[in-house]
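Colleague: A structural model of the following input is requested.
(chains A and B)
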Amino acid sequence: MFELAIAERHILGNPKMVLFTVLSVALAVGVVVVLIGLMEGYEENLIENTVENSPHVTVDPKEDEDYIYLYRTLTAIAEEDPEVVAASPRLVGMAAAKYKDNVVGVTFIGADPVQEDLLLRVREDMIWGDYYDLRFKRHAAVVGTDLADDLELKRGDDFRLTRQNVTIKVKAVGIIDTGTSLDQTLVYLPLETAQDLLGEGDVVTEMGIRLSDIDAAPAVAADLNNKTRYKAESWQEKSRDILDMLNVNSSTSLIFYILIGIISGLGIANTMIMIISRRTKEIGIMMAMGADQLSIMKIFILESVILGPPSALLGGGLAYVAAKFIGTIEVPAEIYIADRMTVALDLGTFLIVAVCALLINFLAGIYPAYKASRLDPVEAIATE
Amino acid sequence: MSKIIEIKKMRKVYGDGVELMALDDVDLTIEEGEVLSIVGPSGSGKSTLLNMIGLLDTPSDGEIWLKGQNITHVSSKERARLRNKELGFIFQYHHLLPEFDAVENVMMPLLIAGMDKKEARERAIALLGEVGLGDRLKNKPNQLSGGQNQRVAVARALAGHPSIVIGDEPTGNLDSKSSDMIYELLRKLNRQMNQTFILVTHDMNMAEKTDRILRLVDGRIVSEMRREGDRFVSRDLQTAD
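Modeller: Down below sits the predicted model:
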């Protein structure tokens, strides 16, 4: 296989040009791997967020009602299902929080702390205080960390919650950091306090259910819909819009990946054309020595393809470093779903991108190699 | 002696608009083992004729026969194969591959022919010994003098045991000492292996050492002189020299 020997020497003979070509392809590989990783990381975060920070199944009031009245019965029905780990009746509403001169719109969640903690692992997110305090203190609240900052609320301070014409005074007994945008608006209250604020009596607005197996959510929701007239919805259904958006996103991304591939392919083709134009005379000599057109094509396609694996490996390395770096940057949770972006580096993704890079190298080499093989030996040898 | 090359009524026309007749009705027969020189002014068609014999170019008209076979219209793949098997080229500049050392350059036509690497290396080393470069095997072209490089090129041209060796001004770029050395080398190999040598040259000294001198002017062979002992005799028995 003399073609390989020649291809190898040509590459080693042009270290600078080759280095830049390898770098450009490596960069393309790295960028695509990181972009895919970011998308997947986002998706993972989103699902994890959805699954961890919201109920697996949510039960809403009956069609013609605003509230769930018989929530204790509903809880009992839900808990019959062996998949159900926790069923927490919750009263979710909007109010204004006021402390000194600061007023911020908040979302309050009134729930039984034990059930709510089973539902959403609330206590794991506490950065100060104990969520269970809400069991015994009627006028107590756990406040999202950003909300506390916005209100300039310090630990143990009293603040006011106002809804329509009802105002209650509560004491901040805990600060919670969920790592999501909820931290700006969240106020946890004891269920009874929330009911006082709402003024509609002993009602809840929804019931959250946690399951041992998140994939069972659609079945559990369907079962509840059969047994009751309440509207149960799985997290998959609730997140359908987001999941659809992710799909649309990934098809637009694909266009970008293809463009990146084409750009790097053109770069390789350019290098190959440069190499070939410098070596026209040599090509003529090889033809005189009896190398046929196929051999000449092989030489230059090989040269292009040889650059593939180091480019892919280097690109993988770049992606790894970039992913680690991106992972250290703090981002505001309100614009992203978590306070750190995760780049989900997946060996499978890398391998697919690497194979694409090899393919691009191969395709980019074909045209220049073809042109080289069609050179007229007499003219090629006469080239200066 | 048998005919190794026969050229019949060959014409070569270049250009689309203004046509240039590079070869005009050339008839030529070359015998096996002959050392032939082609002389003539620049642009007389010497190199074109050599490229035809070397299967690097195709005629516009006429035929070329190699060892009794009409090869005028064979495929480019077959031409490549014939160049590899039957022909060896020596150019004015050595035209060695710059990234390869002397041995590797000489091995190249053998590897193209599909010979085993080890065997090719042995043959290349033996040939380099014969051209007096046994101690420069690992040198690359930029580490050798012009004459040394041209000797490597001779070894490369001979590597595949070609029946015809073609030289386009093989010594045109060398001083007279190197030039003589190269010619003596070719002549020695010709005697040893009965290879046919076809040389285009400006150097009348060298031409006069060959067996036959063809003179080309404007694409036509205007005279042909054959050596008879120490003298050259033209085809119509006019005394040359």
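Colleague: Could you export the longest helix along chain B as CSV, keeping only the C-alpha atoms?
Modeller: In chain B, taking DSSP state H as the definition, the longest helix is helix B:176-193. What follows is helix B:176-193, C-alpha atoms only, in CSV (Å, rounded to 0.1, in the frame of the first residue of the first chain):
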residue,chain,number,x,y,z
SER,B,176,30.4,17.5,-17.6
LYS,B,177,32.0,15.1,-15.1
SER,B,178,28.7,14.1,-13.6
SER,B,179,27.2,14.0,-17.0
ASP,B,180,29.9,11.5,-18.3
MET,B,181,29.4,9.4,-15.2
ILE,B,182,25.7,9.2,-15.7
TYR,B,183,26.1,8.3,-19.4
GLU,B,184,28.7,5.6,-18.6
LEU,B,185,26.4,4.2,-16.1
LEU,B,186,23.5,4.0,-18.6
ARG,B,187,25.8,2.4,-21.2
LYS,B,188,27.0,-0.2,-18.7
LEU,B,189,23.5,-1.1,-17.8
ASN,B,190,22.6,-1.3,-21.4
ARG,B,191,25.3,-3.8,-22.1
GLN,B,192,24.5,-5.8,-19.0
MET,B,193,20.7,-6.0,-19.3
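Colleague: helix, strand or coil for the residue of the stretch 201-350 of chain A found nearest chain B?
Modeller: With Cβ to the nearest Cβ, the shortest gap between the stretch 201-350 of chain A and chain B falls at residue A:290, namely 2.3 Å. For the C-beta atoms, the positions are set from N, CA and C on the backbone; glycine is no exception. For residue A:290, the secondary-structure state derived from DSSP: H, G, I helix; E, B strand; the rest coil is coil.
Colleague: Could you find the closest non-adjacent residue to it?
Modeller: Excluding its sequence neighbours, the residue lying closest to residue A:290 (Cβ to Cβ, 6 or more residues apart in numbering or on different chains) is residue B:84, at 2.3 Å.
Colleague: list the contacts for the one you found?
Modeller: For residue B:84, the contacting residues are A:289, A:290, A:291, B:109, B:112, B:113, B:160, taking Cβ atoms under 8 Å, 6 or more residues apart in numbering or on different chains as the criterion.
Colleague: which SSE is it in?
Modeller: helix B:76-86 (DSSP states H and E).
Colleague: Return that helix as PDB; C-alpha atoms alone will do.
Modeller: Extracted C-alpha coordinates of helix B:76-86, given in PDB (Å, rounded to 0.1, in the frame of the first residue of the first chain):
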ATOM      1  CA  SER B  76      -5.400   5.000 -18.900                       C
ATOM      2  CA  LYS B  77      -5.200   2.200 -16.400                       C
ATOM      3  CA  GLU B  78      -3.400  -0.100 -18.900                       C
ATOM      4  CA  ARG B  79      -1.100   2.800 -19.900                       C
ATOM      5  CA  ALA B  80      -0.200   3.200 -16.200                       C
ATOM      6  CA  ARG B  81       0.500  -0.500 -15.900                       C
ATOM      7  CA  LEU B  82       2.700  -0.400 -19.000                       C
ATOM      8  CA  ARG B  83       4.600   2.600 -17.800                       C
ATOM      9  CA  ASN B  84       5.200   0.800 -14.600                       C
ATOM     10  CA  LYS B  85       6.300  -2.500 -16.200                       C
ATOM     11  CA  GLU B  86       7.900  -1.600 -19.400                       C
END
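Colleague: For chain B, what lies in contact range of chain A?
Modeller: Contact residues (Cβ under 8 Å from any Cβ of the partner chain) of chain B with chain A: B:51, B:54, B:56-57, B:76-77, B:80-85, B:87, B:89, B:91, B:95, B:97-100, B:104, B:108-109, B:111-113, B:156, B:160.
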